[in-house]
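Trainee: Quick one: sequence and predicted model below, then my questions.
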Amino acid sequence: MGEHTLRVPMTLHAENRERLRTRLQAHSNAVAHAPGTVVLLQGGDDTTRYSADAEHVFHQETYFHWAFGVLEPGWYGAIDVNTGRTVLFCPRLPEEYATWMGNIVTPDQYRARYQVDEVRYIDEISDVLRGMTGENGTLLTLRGINTDSGKTTLEAGFDGIGRFQVNNAILHDEMAECRVHKTKAELDVLRFAARVSAAAHRAVMCKIRPGMKEYQLEAIFQHHTYYHGGCRHQAYTNICGSGCNAAILHYGHAGAPNARTVGDGDICLFDMGAEYYCYTSDITCSFPANGKFTSDQKIIYNAVLAASRAVMAAVRPGVSWVEMHRLAYRTMLAALKEAGIVTGDLDDMMKVNLGAVFQPHGLGHLLGLDVHDVGGYLEGNPSRPLRAGFRSLRTARTLEEGMVLTIEPGCYFIDHLLNQALANPEQARFLVPNAIERFRGFGGVRIEDDIVVTADGMEDLSGGTIPRTVEEIESLMAEGQQEDVFVPQLHAEQKLGH
């Protein structure tokens with residue numbers, strides 16, 4: 001995306017295709033690696049707004065991008081499992097395309113761009129695939145359920161596919177498992193996305209002033225990631241919760257569009273992540289709007305920071321992600337007990353799952369081409385836990401080297417959860433009523449980092465560039481307040497440039 005951004009080699013995708021071939025060649029089902037077996041993937045298509053002709057900014061289907069790196073819509077791709085021969089199929093564009101959309105790129109130019117064996121037109125797909133499969137070969141197509149969204153993957157289809165033998169039962173789990181473990185080249189892109197986002201979060205911390213709108217701070221983040229990092233897409237709908245909104249876990253949606261005015265003394269919870277070359281980041285920073293933590297804000301912030309650091313110290317291959325979630329709960333409850341917000345024996349608190357009252361979401365999730373990346377509950381791995389909080393975990397797997405995840409403990413004061421706990425004698429006996437009342441309306445704190453599991457621990461993909469301690473945050477925000485970056489009381493005519 002320019003000299004100031006990361007150059008991504010097409011060998012990233014060639015390595016991914018080779019990893020997939022290796023898995024399929026070792027598959028117990030002989031169809032996966034028989035002569036004439038060909039993986040066929042379909043890329044995403046352009047879409048418009050309902051019945052209008054205004055187009056959405058195109059985003060490639062992620063399995064297709066993982067394998068080929070093609071950024072244009074309407075393509076197909078094929079991989080011969082035995083030989084590795086790779087053929088891409090592009091649309092045959094009409095002459096008038098050059099008038100409205102720009103020069104028409106030839107198949108040979110695309111072949112050089114994407115570094116594959118051949119590029120053909122889609123109207124040739126049936127003949128080309130027959131040449132690859134022969135009369136007795138099989139097309140492996142992608143069909144499976146995303147365990148986060150519940151949606152079914154895009155399965156390749158084209159006019160004439162009915163004349164081929166098709167198997168859609170093998171490919172999904174093998175591709176998803178490949179995507180769980182990142183290559184060095186993929187980690188380079190994920191690091192870049194994380195560090196661009198970290199820099200944008202720092203910019204927001206420097207420029208925030210009470211009286212601004214939440215969406216103005218979202219705009220600062222988006223501007224920074226696109227202008228400085230070439231990140232045209234955000235990885236998800238940004239969450240910019242201030243004050244009580246910081247307790248709304250997925251704030252920022254159409255019904256609550258980051259529209260509140262930030263108040264002096266508010267705690268802010270900003271969960272924002274940019275996407276670069278389809279690879280995502282997911283970072284949350286919590287901080288006081290005016291740059292100085294109150295004593296109560298310090299209590300909650302440090303409780304969450306202690307949970308984050310305890311998990312980071314414990315992460316390594318062979319560790320259960322469910323146990324990491326449990327460790328976060330225990331560490332946070334210990335800090336809340338020390339502050340007099342809860343009371344009693346920690347073991348007994350854990351038995352009644354008190355942590356889920358304050359943190360109803362999971363500790364984190366796999367991260368990659370999707371912000372909630374695939375592979376969380378593939379067949380053969382631990383199933384989803386049933387207890388509150390634990391059932392929101394997006395994976396229950398044992399950690400392995402090369403997995404990329406978020407670590408995002410949080411502590412929130414959500415009225416209906418507090419009311420349920422106070423009405424539940426098993427949990428109510430641990431809550432200090434006066435303290436709970438004091439924190440109603442407080443909002444919440446979340447601290448989220450992107451990490452990769454290494455051979456002996458973990459690496460923070462942001463490179464430790466985000467201020468995390470109370471002292472680091474206050475120092476950065478004090479520096480930002482020396483600059484006159486925003487005056488919220490501008491007159492209307494000044495805003496309009498008159």
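Mentor: All right, it came through fine. Numbers count the residues shown, from 1 in each chain.
Trainee: In the protein, which residue is most central in space?
Mentor: Central residue of the chain (CA atoms, centre = their mean): Val371, 1.7 Å from the mean position.
Trainee: Surely that one touches Thr280?
Mentor: Yes - look at Val371 against Thr280 with CB atoms under 8 Å: they come within range, at 4.6 Å. From N, CA and C alone the C-beta is placed, and that goes for glycine too.
Trainee: Measure how buried the closest residue to Gly243 other than its chain neighbours is and give me the count.
Mentor: Excluding the flanking residues, the one nearest Gly243 by CB to CB, 6 or more residues apart in numbering is Asp266, at 4.1 Å. By the criterion of other CB atoms under 10 Å, Asp266 has 25 neighbours.
Trainee: In the longest helix seen in the chain, which residues are buried?
Mentor: Ranked by residue count and defined by DSSP state H, the top helix of the chain is helix 184-207. Across helix 184-207, burial judged by 16 or more other CB atoms under 10 Å covers 185-207.
Trainee: and if you look at stretch 261-270?
Mentor: Buried-residue list, stretch 261-270, by 16+ other CB under 10 Å: 262, 266-270.
Trainee: What pLDDT does the model give the spatially closest residue to Leu461 that is not a sequence neighbour?
Mentor: Nearest residue to Leu461 in three dimensions, chain neighbours excluded: Ala194, at 4.0 Å (CB to CB, 6+ apart). At Ala194 the predicted local confidence, pLDDT, stands at 98.
Trainee: Sketch out the low-pLDDT regions of this structure for me.
Mentor: Scanning the chain for pLDDT under 70 picks out 484-498.
Trainee: Break it into its domains for me.
Mentor: Split into domains by automatic domain parsing, the chain comes to 11-178, 184-493.
Trainee: Run me through the strand neighbours of the helix or strand harbouring Val39, direction for each.
Mentor: Using DSSP states H and E, the element containing Val39 is strand 37-42. Strand 37-42 sits in its sheet next to strand 76-80 (antiparallel), strand 138-140 (parallel), going by DSSP bridges.
Trainee: Can I get the longest one as PDB, trimmed to CA atoms?
Mentor: What that stands for is strand 76-80. The C-alpha trace of strand 76-80 is given here as PDB (Å, rounded to 0.1, in the frame of the first residue of the first chain):
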ATOM      1  CA  TYR A  76     -12.000 -18.900  -8.700                       C
ATOM      2  CA  GLY A  77      -8.800 -20.800  -7.900                       C
ATOM      3  CA  ALA A  78      -7.800 -24.400  -8.300                       C
ATOM      4  CA  ILE A  79      -4.900 -26.400  -6.800                       C
ATOM      5  CA  ASP A  80      -3.900 -29.900  -8.000                       C
END
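Trainee: Residues touching that strand, excluding its own?
Mentor: The contact list for strand 76-80, computed with CB atoms under 8 Å, 6 or more residues apart in numbering, reads 17, 20-21, 37-43, 64, 67-68, 70, 85-89, 116, 122, 125, 128-129, 132, 156, 158.
Trainee: what about the strands in the stretch 151-300 of the chain?
Mentor: Along the stretch 151-300 of the chain, counting by DSSP state E, counting those that start in this stretch, strands occupy 165-167, 233-234, 239-242, 267-272, 274-276, 279-280, 283-288.
Trainee: Sheet-wise, list the partners of the second one with their directions.
Mentor: I take that to be strand 233-234. Short version: by DSSP bridges, strand 233-234 pairs with strand 274-276 (antiparallel).
Trainee: From the rest of the structure, what touches the partner strand?
Mentor: The list of residues contacting strand 274-276 from outside it, by CB under 8 Å, 6+ apart, reads 1, 5-6, 189, 192-193, 196-197, 200, 221-222, 225-226, 229-231, 233-235, 280-281.
Trainee: hmm, which of those residues are the buried ones?
Mentor: Among those, those classed as buried by 16+ other CB under 10 Å are 6, 189, 192-193, 196-197, 200, 221-222, 225-226, 229-231, 233-235, 280-281.
Trainee: Any idea how many residues pack against the closest residue to Arg387 other than its chain neighbours?
Mentor: In this structure, Arg387 finds its nearest non-sequential neighbour in Asn353, 5.5 Å apart by CB to CB, 6+ apart. Applying other CB under 10 Å, we find 17 other residues in the vicinity of Asn353.
Trainee: mind checking how far Asn353 is from Tyr329?
Mentor: 8 Å (CB to CB, to the nearest Å).
Trainee: what sits in contact with each of these two?
Mentor: Gly389.
Trainee: Compile the strands paired with strand 37-42 into TSV and extend it with columns for mean neighbour count and distance to Tyr412.
Mentor: Formatted as TSV, the strands paired with strand 37-42 follow (neighbours: other CB atoms under 10 Å; distance: least, CB to CB, whole Å):
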stretch	mean neighbour count	distance to Tyr412
strand 76-80	24	44
strand 138-140	23	44
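Trainee: Nearest to Met212, out of the ones you listed?
Mentor: Counting by CB to CB, Met212 lies closest to strand 76-80 out of the strands paired with strand 37-42; the figure is 45.6 Å.
Trainee: quick one: Ile145 and Phe64, what's the gap?
Mentor: In terms of CB to CB, Ile145 sits 18 Å off from Phe64.
Trainee: show me the contacts for Pro107.
Mentor: 90, 118-121.
Trainee: er, Met324 actually
Mentor: By CB under 8 Å, 6+ apart, the contact set of Met324 is 311, 314-315, 363, 399, 407.
Trainee: what's the most buried one of the strands of the stretch 151-300 of the chain?
Mentor: Comparing the strands of the stretch 151-300 of the chain by mean neighbour count (mean count of other CB atoms under 10 Å), strand 279-280 comes out on top with a mean of 30.
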